[in-house]
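Engineer: pasted the sequence and its predicted model underneath.
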Amino acid sequence: MASPPTIPRRSLFIGGGWREPSLGRRLPVINPATEATIGDIPSATAEDVEIAVAAARDAFSRDGGRHWSRAPGAVRAKFLRAIAAKIKERKSDLALLETLDSGKPLDESDADMDDVVACFEYYADLAEALDGKQRSPISLPMENFKSYVLKEPIGVAGLITAWNYPLLMATWKVAPSLAAGCTAVLKPSELASLTCLELGAICIEVGLPPGVLNIITGLGPEAGAPLSSHPHVDKVAFTGSTETGKRIMTAAAQMVKPVSLELGGKSPLIVFDDVDIDKAVEWAIFGIFLNAGQVCSATSRLLLHEKIAKQFLDRLVAWAKNIKISDPLEKGCRLGSVISEGQYEKIKKFISTARSEGATILYGGARPQHLRRGFFIEPTIITDVSTSMQIWREEVFGPVLCVKEFRTESEAVELANDTHYGLGGAVISNDQERCERISKALHSGIVWINCSQPTLVQAPWGGNKRSGFGRELGEWGLENYLTVKQVTKYCSDEQWGWYQPPSKL
Ligand SMILES: NC(=O)C1=CN([C@@H]2O[C@H](COP(=O)(O)OP(=O)(O)OC[C@H]3O[C@@H](n4cnc5c(N)ncnc54)[C@H](O)[C@@H]3O)[C@@H](O)[C@H]2O)C=CC1
Ligand SMILES: N=C(N)NCCCC(=O)O
Ligand code: NA
């Protein structure tokens, strides 16, 4: 057997170098597919947050910002492209680390690394384009004033992220914040931090100016909370649960600090009776079993037109049975383990509550019999669901799909919008006008037509209602880290003339 890959032992990445956590604490790294402890990560506390924020502050204003925050966009773009190139070079080892840390299939980690590279490259282009957008004039109905707009980096950004796409979720925040000219402190999830620490190593290799990006790993209350409430952090961007999002918003409110929140979801997928069943089934499967359903935009509520419901469910089960569930390193794996024991127990509880509330577990619901260790759960399909049940209302963040039938388009829309969340929504139908009507009717930040989950770096990403606010990716992702300044100039030779001039005497 091949020897197990080495897990790098890293410290906190602060001020351009490695630094031991002030209290000397470390946290175990658990591979959820084997339950083995495979390494450890530093556990930062408020003392370290203090040092990291000071490093970011210093990097923001060093030499009047000449080397970073006020440097030409092309300077920052060069570093973002260098980071992208290093990630490309290290793609297979980073993907392996991501899989060992999170349990996701290696093919998914590979695709995530491609997305990471694309995101750094995309924001490198936007950093360059930003200079050309400066001083855009405001049209005014008078001639004695001229106004224009400057877009300036907001300052030090605090970036707090989740474990479902460890390096990718960090990149969605790191790339645009750096492109904008901000400096940043990243706090990834304690459940999967390995690849984010490797990003620190990459920053050293490409010679990123010290303090521009700082990476501190550790627990939410110990490292995340002091970052979100820090008076010298000018903006907080967060991806994670709605509960933690509320805490972060409350902390930031004390400093009147802008936040963007990318929170949970319970997104619907509506399937009409005019579709190619197998094509639609594959999107339904992809929409909930990708990354074992640990996707904020997972289409976890399937709405089926009653005319095709039976046939659709038969095919859905057939496809679900055919999903390769295995060690995520095995070739062709399409369902790995979930992230942690805590998440595994939580998902099992959701399934047992659904059963006790009267729903039917049509398929799955248990540990796959051929896997004795690791936090694996079968792809699970739940029917006979009513809208008051927990499984309809709450985010599971696991491979669990609940299904309801509908008769009319308006009933489908009403069921789709019957949620406190508003991240994604999807519709599958051959009637394009109907798809467009539904796109307008869904209360969500993202709508997919005839598919589910494609995520494009150019397109805005984010939700409404309790899924949060603010948009990542695309040009919207850059705006998150910019502040708009108006500059207005009086350009008449005349005295202003509001006051009576005193006598000249
Ligand atoms: N929608 C999404 O993208 C995600 C949703 N979730 C949901 O959240 C549930 C719990 O998962 P967790 O890992 O506990 O997510 P979480 O929302 O608590 O963690 C996300 C990040 O916030 C940090 N954090 C935790 N408490 C904090 C605090 N008081 N102040 C500042 N930062 C803090 C964590 O360390 C982590 O980096 C999951 O079961 C899932 O349902 C989890 C992760 C992502
Ligand atoms: N890369 C893909 N497919 N999806 C990203 C989902 C991001 C999220 O769960 O917040
Ligand atoms: Na882990």
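Structural biologist: Nice, thanks for sending it over. Ligands and ions are numbered 1, 2, ... in the order given.
Engineer: let me know the pLDDT of the spatially most central residue of the chain.
Structural biologist: By C-alpha atoms, centre = their mean, the chain has its centre lying nearest to residue 169, at 4.1 Å. In this model, residue 169 is scored at 98, pLDDT.
Engineer: what does the one 4 residues further on give?
Structural biologist: Per-residue confidence for residue 173 comes out at a pLDDT of 99.
Engineer: check residue 92 too.
Structural biologist: The model reports residue 92 with a pLDDT of 97.
Engineer: which strands or helices does the helix or strand where it lies pack on?
Structural biologist: Taking DSSP states H and E as the definition, residue 92 sits inside helix 91-102. Applying 3 or more C-beta pairs under 8 Å, 6 or more residues apart in numbering; DSSP states H and E, we find helix 91-102 packed against strand 26-31, helix 106-132, helix 166-180, helix 194-206. Quick note: C-beta positions are derived from backbone N, CA and C, even for glycine.
Engineer: that one and ligand 2, are they touching?
Structural biologist: No: counting by C-beta under 6 Å from any ligand atom, ligand 2 has no neighbours in helix 91-102; the shortest distance is 12.2 Å.
Engineer: buried ones in that helix, by neighbour count?
Structural biologist: 91, 94, 95, 96, 97, 98, 99, 100, 101, 102 (16 or more other C-beta atoms under 10 Å).
Engineer: pretty sure residue 62 sits against residue 68.
Structural biologist: Yes: between residue 62 and residue 68 a contact is recorded at 7.3 Å, counting by C-beta atoms under 8 Å.
Engineer: so those two - more neighbours on which side?
Structural biologist: residue 68 (23 against 17; other C-beta atoms under 10 Å).
Engineer: my guess is the more buried one contacts residue 57, does it?
Structural biologist: No: at 11.8 Å, residue 68 and residue 57 do not qualify as touching, with contact defined as C-beta under 8 Å.
Engineer: what touches both of those two?
Structural biologist: Taking C-beta atoms under 8 Å, 6 or more residues apart in numbering as the criterion, residue 68 and residue 57 both touch residue 183.
Engineer: quick revisit: overlap of the contact sets of residue 62 and residue 68?
Structural biologist: residue 209.
Engineer: stretch 436-448 and ligand 1 in contact?
Structural biologist: No: counting by C-beta under 6 Å from any ligand atom, ligand 1 is not contacted by stretch 436-448; separation bottoms out at 12.7 Å.
Engineer: in that stretch, which residues are buried?
Structural biologist: 438, 441, 442, 443, 444, 445, 446, 447, 448.
Engineer: near ligand 1, which residues of the protein show up?
Structural biologist: Within the chain, the positions adjacent to ligand 1 are 160-164, 187, 189-191, 219-221, 224-225, 228, 239-241, 244, 247-248, 263-264, 296, 343, 346, 395, 397 by C-beta under 6 Å from any ligand atom.
Engineer: my guess is residue 190 is in a helix, correct?
Structural biologist: No: under DSSP: H, G, I helix; E, B strand; the rest coil, residue 190 falls outside any helix and is assigned coil.
Engineer: so who does it touch?
Structural biologist: Contacts of residue 190 by C-beta under 8 Å, 6+ apart are 27, 41, 43, 217, 218, 219, 220.
Engineer: which two of those have the greatest separation?
Structural biologist: Using C-beta to C-beta, the two most remote members of the contacts of residue 190 are 41 and 220, lying 14.0 Å apart.
Engineer: of the two, who's got more company?
Structural biologist: residue 41 (25 against 18).
Engineer: my guess is the more buried one contacts residue 21. True?
Structural biologist: No: counting by C-beta under 8 Å, residue 41 stays clear of residue 21, with 9.6 Å between them.
Engineer: neighbours around the closest residue to residue 281 other than its chain neighbours, how many?
Structural biologist: Spatial nearest neighbour of residue 281, chain neighbours left out: residue 315 (4.8 Å); criterion: C-beta to C-beta, 6 or more residues apart in numbering. Residue 315 has 18 neighbours, counted by other C-beta under 10 Å.
Engineer: how much space separates residue 345 from ligand 1?
Structural biologist: Note on residue 345: its distance to ligand 1, by C-beta to the nearest ligand atom, to the nearest Å, is 10 Å.
Engineer: same question for residue 150.
Structural biologist: 32 Å.
Engineer: tell me the secondary structure at the closest residue to residue 396 other than its chain neighbours.
Structural biologist: Excluding its sequence neighbours, the residue lying closest to residue 396 (C-beta to C-beta, 6+ apart) is residue 350, at 4.8 Å. Classification of residue 350 using three-state DSSP returns helix.
Engineer: how about residue 350, what does it touch?
Structural biologist: Contact analysis of residue 350 by C-beta under 8 Å, 6+ apart lists 390, 391, 394, 396, 398, 400.
Engineer: and the gap between it and residue 389?
Structural biologist: 10 Å (C-beta to C-beta, to the nearest Å).
Engineer: swap in residue 440?
Structural biologist: To residue 389, residue 440 is 28 Å away according to C-beta to C-beta.
Engineer: show the pLDDT at the residue of the chain found nearest ligand 3.
Structural biologist: Of all residues in the chain, residue 101 sits closest to ligand 3, at 4.2 Å by C-beta to the ion. Here the pLDDT value assigned to residue 101 is 98.
Engineer: and the one 4 residues further on, by the same measure?
Structural biologist: Note on residue 105: pLDDT of 98.
Engineer: quick check: residues of this structure near ligand 2?
Structural biologist: For the chain, the contact set with ligand 2 under C-beta under 6 Å from any ligand atom comprises 115, 164, 165, 168, 239, 262, 295, 296, 297, 453, 455.
Engineer: give me the buried entries from the residues of the chain next to ligand 1.
Structural biologist: 160-164, 187, 189-191, 219-220, 224-225, 228, 239-241, 244, 247-248, 263-264, 296, 343, 395, 397.
Engineer: which of those residues fall in strands?
Structural biologist: Assignment to strands by DSSP state E places the following of these there: 160, 187, 239.
Engineer: end to end on stretch 131-139, go ahead and measure it.
Structural biologist: The first and last residues of stretch 131-139 sit 20 Å apart, counting by C-alpha to C-alpha, to the nearest Å.
Engineer: what comes into contact with that stretch?
Structural biologist: 72, 73, 74, 146, 147, 148, 149, 150, 151, 486, 487.
Engineer: show me the residues you listed that map onto strands.
Structural biologist: Using DSSP E, these in strands are 146, 147, 148, 149, 150, 151, 486, 487.
Engineer: who's in contact with the nearest residue to the fifth one once chain neighbours are set aside?
Structural biologist: Same thing as residue 150. Spatially, and ignoring its direct neighbours in sequence, residue 150 is nearest to residue 485 (4.4 Å; C-beta to C-beta, 6+ apart). Under the criterion of C-beta under 8 Å, 6+ apart, the contact list for residue 485 reads 149, 150, 151, 152.
Engineer: repeat the analysis, applying 10 Å as the threshold.
Structural biologist: Neighbour list for residue 485: 148, 149, 150, 151, 152 [criterion: C-beta atoms under 10 Å, 6 or more residues apart in numbering].
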